[in-house]
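Student: using only what follows, build the 3D model:
(one chain, ligands or ions: 1)
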Amino acid sequence: MSRRFPMIMTVRGGPRRDGCSGRMLRLFADELDAAFAEYDAYEENFAPCTDCRACRQSEGCAMDDMDGFFSDFESCDGIVIASPVYNMTFPAPMKAVIDRMQRYYSARFFLGKRPPIPKRRPVALLLSAGSPDEDGGMIVEQLRRIFTVTNCELVCNVIVNNTDDSDALSGTEHDIRQKARIFAESVNSITDSSQYS
Ligand SMILES: Cc1cc2nc3c(=O)[nH]c(=O)nc-3n(C[C@H](O)[C@H](O)[C@H](O)COP(=O)(O)O)c2cc1C
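Tutor: Numbers count the residues shown, from 1 in each chain. Below you'll find the model as predicted:
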């Protein structure tokens, strides 16, 4: 029987495709033996959540612009988020993506769906930051809240600091590749082995 490659969803949070976080994502993805569903928060420009509360009445989102995104998010085997840090959090288009996850919070706590997404998926977080001491802590905390209702698990986290220095990435390439291999192991161990036989 033929082996199916894991499907990895990548989400770019920054506007500069060849910026530090974009290059981190390419390095990371190069280590993965996978098929990719690629999203770019700035290109997609998804609408922000309006707290219309339709998701409290029936499962899903009243807006359809993220239907394809949500479908890939629920069915993929792993997720890689790569983003710069802006004012301690995600750039605005990426923050909109995070806020649109409210539909899963509503599914869990207003509609009683446990869990709102049956499939567990590992997540890798790749961050770039201009400051030498930004640790991405606020972003990790934001994601932790979302992950409790979306059945995701943060399995690795890399931050490159001092990105105004053009050499900032070079010292961390080894770490990024190593974390990618750890992520790949999580994808393979979480994914039902029957899908690969
Ligand atoms: C609007 C804005 C806000 C920023 N806020 C922060 C910040 O809070 N902490 C920080 O370390 N760097 C901050 N930076 C610097 C960016 O994190 C840095 O330029 C980024 O890592 C570049 O990533 P990229 O090369 O992937 O585009 C900010 C940059 C911009 C444009």
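
Student: does stretch 19-36 reach the ligand?
Tutor: Yes - counting by C-beta under 6 Å from any ligand atom, contacts between stretch 19-36 and the ligand involve 19-22. In this view, the C-beta of every residue, glycine as well, is placed from N, C-alpha and C.

Student: quick check: next helix or strand after the helix or strand containing Arg108?
Tutor: Using DSSP states H and E, the element containing Arg108 is helix 102-109. Of the helices and strands lying after helix 102-109 in sequence (DSSP H and E), the nearest is strand 121-128.

Student: tell me, how many residues neighbour the residue of the chain at minimum distance from the ligand?
Tutor: Closest contact between the chain and the ligand, by C-beta to the nearest ligand atom, is at Gly19 (2.5 Å). Look at Gly19: counted by other C-beta atoms under 10 Å, it has 16 neighbours.

Student: also His174?
Tutor: Residues near His174, counting by other C-beta under 10 Å: 10.

Student: so which strand or helix has it?
Tutor: helix 173-190.

Student: which of the residues in that helix are buried?
Tutor: For helix 173-190, burial by neighbour count (16 or more other C-beta atoms under 10 Å) applies to 176, 179-180, 183-184, 186-187, 190.

Student: same check, this time on stretch 155-170
Tutor: In stretch 155-170, counting by 16+ other C-beta under 10 Å, buried: 155-163, 168-169.

Student: the ligand next: which of these are close?
Tutor: Thr163.

Student: which parts of this structure are strands?
Tutor: 7-12, 35-40, 78-84, 121-128, 152-160 (DSSP state E).

Student: reformat the ones you listed as CSV; add mean pLDDT.
Tutor: Below are these laid out as CSV (pLDDT from 0 to 100):
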stretch, mean pLDDT
strand 7-12, 98
strand 35-40, 98
strand 78-84, 98
strand 121-128, 98
strand 152-160, 97
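
Student: which among those strands is found nearest to Asp67?
Tutor: Among the strands of the chain, the nearest to Asp67 by C-beta to C-beta is strand 35-40 (12.8 Å).

Student: buried ones in that closest one?
Tutor: For strand 35-40, burial by neighbour count (16+ other C-beta under 10 Å) applies to 37, 39-40.

Student: Phe36 touches Ile8, doesn't it?
Tutor: Yes - between Phe36 and Ile8 there is a contact under C-beta atoms under 8 Å: 5.4 Å.

Student: what touches both of these two?
Tutor: Ala29 (C-beta atoms under 8 Å, 6 or more residues apart in numbering).

Student: spit out the contact partners of the most centrally placed residue in the chain.
Tutor: Compute the mean C-alpha point of the chain, and by C-alpha atoms, centre = their mean the closest residue is Ile81, 3.5 Å away. Contact analysis of Ile81 by C-beta under 8 Å, 6+ apart lists 10-11, 13, 94, 123-126, 143.
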